[in-house]
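> just the structure for this:
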Amino acid sequence: MSAFSASDFNSKRYSSSRPSYPSEFYKIVDEYHEGDRKVLVDVGCGPGTATLQIAEKLKTFDRIIGSDLSATMIKTANAIREDSPDKYKNVSFEISPSDSFEFLGADSADKQKIDMITAVECVHWFDFDKFQRSVHANLRKDGTIAIWGYADPIFPDYPEFDDLMNDVPYGKETLGPYWEQPGRSRLRNMLKDFTLDPKRFHHIQLSYFHATDVRDLEKLRQHKEKLLLIRKQITLLEFAEYVRTWSAYHQWKQDPKNKDKQDVADWFIEESLRRRPELTVNTKIEVVWNTFYKLGKRI
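The predicted model follows:
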């Protein structure tokens, strides 16, 4: 996570290149939540991607606060919000660690005053037990904790690219050695080892979706729960920009021994075109990500 906090991390590229979350998923969260909608806190908000979508796509909350430890990310989030002040008039951002809600003030922090807490594409960095204890201390009774995220995309129409989609992020000669651990391994495992405590939360709902399932209708039918399905039409150039938002890419670029090496994102494009010469850098290709979500209500 230190890469995201670095002052030279390109948070604007991160904001523009990362996938967004479908309206259908926000309907799942809306249907799950019960009761008041006064305060929502989006923990680990980064540049505000999910926070601002929440403001647009969830039924209205009086107040929505995004919090993140990275001042770089919060600066970007505030700049995006300020571009549409009327649209996001109920949204604000705070620099804060994931397990602290002190920004609410002494009268509200740890006083069970929050109606919903979200944590999107960030929990793999957290001390999860400490985080959920803090969530429990701040959510009202039956308030919602909603955790979701994504990892490891594929091009479903091009199975011959599957090994490339693994080699770019995890190859020994590419970005593999540059991921911060154990965070990345936790994310790849879709937080399956991070369990909401049944002594603190009830009506727990879990979903784990593997992107390769889109190639098999029978596997899709086997999912009994509603899915978080993140799919996007993207060019090879745009996917390369997405690669450049990865923390491992940032660390790779900072390593002096890579100074004279071909850029990993450029190598991805070159290798893709070598495999499928009929493609161009501007050909639109569908991308699908592995996804997960966890929902719970405070006891």
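> output the lowest mean pLDDT helix or strand found in this protein.
helix 2-5 (a mean of 46; mean pLDDT, DSSP states H and E).
> where does the chain have low pLDDT?
Scanning the chain for pLDDT under 70 picks out 1-17.
> can you give me the helices for it?
Counting by DSSP state H, the chain has helices at residues 2-5, 11-17, 23-32, 49-57, 71-83, 128-138, 162-170, 183-188, 217-222, 236-243, 247-254, 264-275.
> ok, the top strand by length along the chain: who's next to it in the sheet?
Ordering each strand of the chain by length in residues (DSSP state E) puts strand 139-154 first. Partners of strand 139-154 in the sheet, by DSSP bridges, are strand 114-120 (parallel), strand 285-298 (antiparallel).
> just so I know, which of the helices of the chain lies nearest Val281?
helix 236-243 (4.8 Å; Cβ to Cβ). Using the backbone N, CA and C atoms, a C-beta is placed for each residue, glycine as well.
> need the contact list for Val135.
Counting by Cβ atoms under 8 Å, 6 or more residues apart in numbering, Val135 touches Ile117, Ile145, Arg200, Arg298.
> go again using 7 Å as the cut-off
Taking Cβ atoms under 7 Å, 6 or more residues apart in numbering as the criterion, Val135 is in contact with Ile117, Ile145.
> next: Gly296.
Contacts of Gly296 by Cβ under 7 Å, 6+ apart are Ile145, Leu196, Phe201, His203, Ile204.
> now it, which residues is it bridged with?
With DSSP bridges as the rule, Gly296 is bridged to Ile145.
> what's around Ser108, how many residues?
Look at Ser108: counted by other Cβ atoms under 10 Å, it has 15 neighbours.
> could you find the closest non-adjacent residue to it?
Take Ser108 and drop its neighbours on the chain: the residue closest to it by Cβ to Cβ, 6 or more residues apart in numbering is Phe101, 7.7 Å away.
> pretty sure that neighbour sits against Ala109.
Yes: if you go by Cβ atoms under 7 Å, Phe101 and Ala109 touch, sitting 4.7 Å apart.
> quick one: which of these two has more around it?
Phe101 (25 against 16).
> now the more buried one: how far from Pro277?
Noted for Phe101: a distance of 54 Å to Pro277, by Cβ to Cβ, to the nearest Å.
> how many neighbouring residues does Val120 have?
23.
> that one bridge partners, please.
Trp148.
> residues in contact with it?
Asp42, Ala50, Trp148, Gly149 are the contacts of Val120 under Cβ under 7 Å, 6+ apart.
> what's the ChimeraX syntax to select whichever of these are buried?
In ChimeraX, a selection of the buried entries from the contacts of Val120 looks like this (16 or more other Cβ atoms under 10 Å):
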select :42,50,148,149
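> which of the contacts of Val120 sits closest to Pro22?
Using Cβ to Cβ, the contacts of Val120 come closest to Pro22 at Trp148, 11.2 Å.
> pretty sure that closest one contacts Leu227?
No: contact criterion Cβ under 7 Å: Trp148 and Leu227 do not qualify, at 11.1 Å.
> could you report the neighbour count for the nearest residue to Arg215 once chain neighbours are set aside?
Distances taken as Cβ to Cβ, 6+ apart put Pro156 closest to Arg215, at 5.6 Å, once the chain neighbours are dropped. Neighbour count of Pro156, defined by other Cβ under 10 Å: 18.
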